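[1] pasting the structure only:
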């Protein structure tokens with residue numbers, strides 16, 4: 001009888017999750033490192049001064065660049081040794097560089113806050129607001145008078161009033177059949193004197209200086225050396241003299257110029273009658289400003305004739 005051979009079966013139990021090993025620890029360490037770097041960056045930004053932040057911004061967005069598009073600008077800047085010129089990228093799109101405002105961050109470890117308005121700045125703001133209100137009131141009074149008073153009904157289209165960055169611009173323009181001056185002369189008609197007197201009554205209590213300019217159409221003067229330049233200058237001076245006679249101090253006249261046909265009101269029709277005009281501008285920020293309560297108050301005759 002043959003010897004019997006015993007068979008031994010060995011079972012090996014594998015531990016759970018043995019296939020993962022320690023990989024999760026590496027990922028977790030990377031996450032913690034990234035978070036630490038992030039908070040370190042926030043701390044550096046909050047503690048850096050404005051000059052330092054601008055310096056970092058300029059470093060990554062320099063205002064000057066190399067003339068060469070690649071290489072060192074010499075042999076490395078060419079397409080080949082035998083061909084001059086920098087190698088260009090024909091695939092990528094052209095880039096546009098924009099100027100960005102300076103970063104708003106902390107300075108010296110403190111959060112950046114809007115600088116408080118000084119007393120001088122407050123005074124300037126109040127002064128500008130008072131002047132804007134004053135100019136608007138003058139504009140409204142002129143338009144009210146020209147639209148409501150019977151003696152000015154015919155000239156409603158002759159007076160143009162607009163608020164511009166330069167100041168309140170008052171323009172007295174010719175109409176077909178209703179000129180402000182005699183043809184080719186600086187002699188005012190009676191209705192022109194009335195409308196300039198109205199302007200004077202509105203602006204005489206305002207502090208701003210006045211800039212007066214005369215304009216003509218593009219039709220040249222014929223048969224004389226007297227040109228549109230002289231005519232526009234003479235008409236501007238005629239308006240200056242009448243304003244002074246109406247109570248405007250001579251010290252408030254900032255300029256008197258003749259511009260001939262160089263600044264037409266209707267650029268597409270330079271010979272149109274409305275290009276002949278006087279322009280009187282109350283210049284913003286000039287003269288001795290008055291308190292808002294002392295602003296212009298029109299005489300009763302302007303509102304209730």
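    Everything's here; your move. Keep in mind that this is a model prediction, so the values were computed, not measured.

[2] Secondary structure element holding the spatially most central residue of the chain?
    For the chain, the residue nearest the mean C-alpha position is residue 165 (9.5 Å; C-alpha atoms, centre = their mean). Using DSSP states H and E, no element contains residue 165; it sits outside every helix and strand.

[3] got the contact list for it?
    By C-beta atoms under 8 Å, 6 or more residues apart in numbering, the residues touching residue 165 are residue 284. For every residue, glycine as well, the C-beta is placed using N, CA and C.

[4] What distance do you get for it to residue 285?
    11 Å (C-beta to C-beta, to the nearest Å).

[5] for this structure, what spans make up the strands?
    For the chain, the strands defined by DSSP state E occupy 159-163, 167-173, 210-215, 253-258, 277-283.

[6] closest one to residue 146 among those?
    Of all the strands of the chain, strand 159-163 sits nearest to residue 146, with 4.9 Å by C-beta to C-beta.

[7] So which bits of the closest one are buried?
    Neighbour-count burial for strand 159-163 flags 159-161 (criterion: 16 or more other C-beta atoms under 10 Å).

[8] quick one: that strand to strand 277-283, angle?
    Going by axes from the mean of the first three to the mean of the last three C-alpha atoms, to 10 degrees, strand 159-163 is angled at 30 degrees with respect to strand 277-283.

[9] Pull up the pairing partners for strand 159-163, direction included.
    Using DSSP bridges, the strands paired with strand 159-163 are strand 167-173 (antiparallel).

[10] what about the strand it pairs with, distance to the chain center?
    22 Å (C-alpha atoms, centre = their mean, to the nearest Å).

[11] contacts for it?
    135, 138-139, 142, 157-163, 180, 192, 195-196, 199, 203, 208, 211, 265, 274, 276-284.

[12] still on that earlier bit, I'd like to know which of the buried residues of strand 159-163 is nearest to residue 46.
    Set against residue 46, the nearest of the buried residues of strand 159-163 by C-beta to C-beta is residue 161 (53.4 Å).

[13] And the pLDDT for the closest one?
    At residue 161, the predicted lDDT confidence score is 93.

[14] where along the stretch 201-305 of the chain do the helices fall?
    228-245, 300-303 (DSSP state H, counting those that start in this stretch).

[15] now, of these, which is deepest in the fold?
    Mean neighbour count, computed with mean count of other C-beta atoms under 10 Å, is highest for helix 228-245 among the helices of the stretch 201-305 of the chain, reaching a mean of 19.

[16] what angle separates that helix from strand 167-173?
    Using the same axes, to 10 degrees: helix 228-245 against strand 167-173 is 110 degrees.

[17] what sits up against helix 228-245?
    If you take C-beta under 8 Å, 6+ apart as the criterion, helix 228-245 is touched by 181, 184-188, 193, 196-197, 199-200, 210, 212-216, 220-221, 250, 253, 256-261, 278, 280.

[18] How about stretch 189-206?
    Applying C-beta under 8 Å, 6+ apart, the contact partners of stretch 189-206 are 134, 138, 141-142, 145-146, 151-152, 154-155, 158-159, 170, 172, 178-182, 188, 210, 239, 242-243, 246-248, 278, 280, 282, 287, 295-299, 302.

[19] Pull the number of nearby residues for residue 52.
    The burial count assigned to residue 52 is 14, neighbours taken as other C-beta atoms under 10 Å.

[20] do the same with residue 145
    Under the criterion other C-beta under 10 Å, the count of neighbours that residue 145 has is 22.

[21] Quick check, pLDDT for it.
    87.

[22] and it, how far is that from residue 202?
    Remark: distance between residue 145 and residue 202 (C-beta to C-beta) = 8 Å.

[23] got the helices of the stretch 201-305 of the chain as JSON lines, with distance to residue 46 and mean pLDDT columns?
    Putting these into JSON lines (distance: least, C-beta to C-beta, whole Å; pLDDT from 0 to 100) gives the following:
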{"stretch": "helix 228-245", "distance to residue 46": "61", "mean pLDDT": "96"}
{"stretch": "helix 300-303", "distance to residue 46": "61", "mean pLDDT": "44"}
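
[24] Present those helices as a markdown table; the columns should include distance to residue 117.
    Converted to a markdown table, these look like this (distance: least, C-beta to C-beta, whole Å):
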| stretch | distance to residue 117 |
| --- | --- |
| helix 228-245 | 39 |
| helix 300-303 | 38 |
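
[25] Having no further points to raise, I will conclude here.
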